[in-house]
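>>> need a 3D model of the sequence below.
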Amino acid sequence: MEINVKKLRNDFKEDHRTIETSDEKILFLRAWMPQKKSDTAILIFHGITAYSGPYDFIAPQFSNAGYAVYGLDLRGHGLSDGIRGDYPSKERLILDLGETISFIKKDHEKLILLGHSLGVVTALIATVNYLESINGLILMSAARTLRPGVYPKMKFTQKLKILFSSIIKPSKPVISYQREGMLGLDDPLFNFKYTFRFMKILNANEIAFPPNLNIPILHTAGENDELFSVESARAFFDEIPCKNKKFLVIPGAKHAVFPEGSLTEITDWLISNFKIT
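Numbering: from 1, shown residues only. Down below sits the predicted model:
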């Protein structure tokens, strides 16, 4: 389904910002602002298929606590420009992240990155490249090892088709992303098809941490996450080369569905590490 991103963006009435990138594209930043100006901002990176809108489940909780909150629609997602489900290169992704971070840091002294699911990969790419601008990390619903049988096994002919298409037209989304229990099926701003190069650029198996991290880090795992077990999330947490880190299991939570009131400990962690001034 084709969508007119520019029109939808122009018609959007809620609080937001737009960033013109160095290659003259528009990135969309949803905003949840506190009552008083804050020196600390939180930048949310969404999961695969999603965009910033669905993070209304957690962003107001942070803004009500006094933090400025922004949600970035990655290029090719939500109300940002770009071919749906594509990224032209990892270099361009790194530039987009840097330009977004610089934009936010103009108004806020401290910046915390929150990555959810695939957004954890995005957050760590940003951290590796712009560590001096980042004061904290919240990593939600992420691990290296999936539960068995989460995704249907791809046939050999499908793999050949994807490989051939990626050579002939790398900007064409050819990989269908699907699993049981997916959200956003009735929302036209969700993506369910991706290019091979997007999946390669944001490859969760290649997640890296900067050595000797010295910022507060919170890693959360849903008790009933359909994709990752608590044990695999804990193993991922154990890899983080940082002393100031905390692991939190969220009772009753799934991968992207969280019971009401279950995220208050995240706000408590924020307040204990980043006092609003």
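
>>> the stretch 1-150 of the chain: helices as residue ranges?
Here the stretch 1-150 of the chain has its helices, by DSSP state H, counting those that start in this stretch, at 5-11, 59-64, 90-105, 118-130.

>>> between the ones you listed, which one is closest to W269.
Nearest to W269 among the helices of the stretch 1-150 of the chain is helix 59-64 (11.2 Å), distances taken as Cβ to Cβ. Just so you know, the C-beta spots here come from the backbone N, C-alpha and C atoms, and that holds for glycine as well.

>>> and the closest one, which residues are buried?
Within helix 59-64, the residues that count as buried by 16 or more other Cβ atoms under 10 Å are A59, Q61, F62, S63.

>>> what is that helix packed up against?
In terms of contacts (3 or more Cβ pairs under 8 Å, 6 or more residues apart in numbering; DSSP states H and E), helix 59-64 is packed against strand 26-32, strand 40-45, strand 68-73, helix 264-273.

>>> quick one: mean pLDDT for it?
Averaged over helix 59-64, pLDDT sits at 98.

>>> could the helices of the stretch 1-150 of the chain go into CSV alongside distance to I217?
Output for the helices of the stretch 1-150 of the chain, formatted as CSV (distance: least, Cβ to Cβ, whole Å):
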stretch, distance to I217
helix 5-11, 33
helix 59-64, 17
helix 90-105, 17
helix 118-130, 10
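
>>> tell me which of these sits most buried.
helix 118-130 (a mean of 22; mean count of other Cβ atoms under 10 Å).

>>> pLDDT weak spots in the protein?
Along the chain, segments meeting pLDDT under 70 span 1.

>>> quick one: the strands in it?
Assignment of strands within the chain using DSSP state E yields the ranges 16-20, 26-32, 40-45, 68-73, 110-116, 136-140, 175-176, 193-194, 217-222, 245-250.

>>> turn those strands into JSON lines, columns for mean neighbour count.
Formatted as JSON lines, these follow (neighbours: other Cβ atoms under 10 Å):
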{"stretch": "strand 16-20", "mean neighbour count": "15"}
{"stretch": "strand 26-32", "mean neighbour count": "22"}
{"stretch": "strand 40-45", "mean neighbour count": "26"}
{"stretch": "strand 68-73", "mean neighbour count": "26"}
{"stretch": "strand 110-116", "mean neighbour count": "24"}
{"stretch": "strand 136-140", "mean neighbour count": "25"}
{"stretch": "strand 175-176", "mean neighbour count": "16"}
{"stretch": "strand 193-194", "mean neighbour count": "18"}
{"stretch": "strand 217-222", "mean neighbour count": "24"}
{"stretch": "strand 245-250", "mean neighbour count": "17"}
